[in-house]
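J.: structure of the sequence below:
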Amino acid sequence: MGANATDISNHDAVNYTIMVTANDVTKTIVLDANSDLAEVCEGCEIFMEDGQIVQAKNTDMVIIAGGELSIAE
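T.: You can find the predicted model right below:
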């Protein structure tokens, strides 16, 4: 995974559509079931369609597990 960028890991067996906003630009990403995306952004807001939001720093690992969006501790 990326050392200086936010990574996202989907631990669920379903695909999720997420929105990533960085520098006032929003992009929509389909995150496949049980998959990882490396270096998604260098600090950003990540939104799920159900309204969950996290503020991710460039070194964070964002996880979706059990339908919950969180930042790994």
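J.: for the residue lying closest to residue 32 once chain neighbours are set aside, give me its contacts.
T.: Nearest residue to residue 32 in three dimensions, chain neighbours excluded: residue 15, at 5.5 Å (Cβ to Cβ, 6 or more residues apart in numbering). C-beta here means a position set from N, CA and C on the backbone, and glycine is covered the same way. The contact partners of residue 15, by Cβ atoms under 8 Å, 6 or more residues apart in numbering, come to 30, 31, 32, 33.
J.: tell me who's in contact with the last one.
T.: Neighbour list for residue 33: 10, 12, 13, 14, 15 [criterion: Cβ under 8 Å, 6+ apart].
J.: let's see that with 6 Å instead.
T.: Each residue near residue 33 by Cβ atoms under 6 Å, 6 or more residues apart in numbering is listed here: 13, 14, 15.
J.: repeat for residue 47
T.: Counting by Cβ under 6 Å, 6+ apart, residue 47 has contacts 19, 53.
J.: helix, strand, or coil at it?
T.: The three-state label for residue 47, taken from DSSP: H, G, I helix; E, B strand; the rest coil, comes out as strand.
J.: report the beta-bridge partner residues of it.
T.: residue 19, residue 53 (DSSP bridges).
J.: hmm, which helix or strand of this protein has the shakiest average pLDDT?
T.: strand 36-41 (a mean of 94; mean pLDDT, DSSP states H and E).
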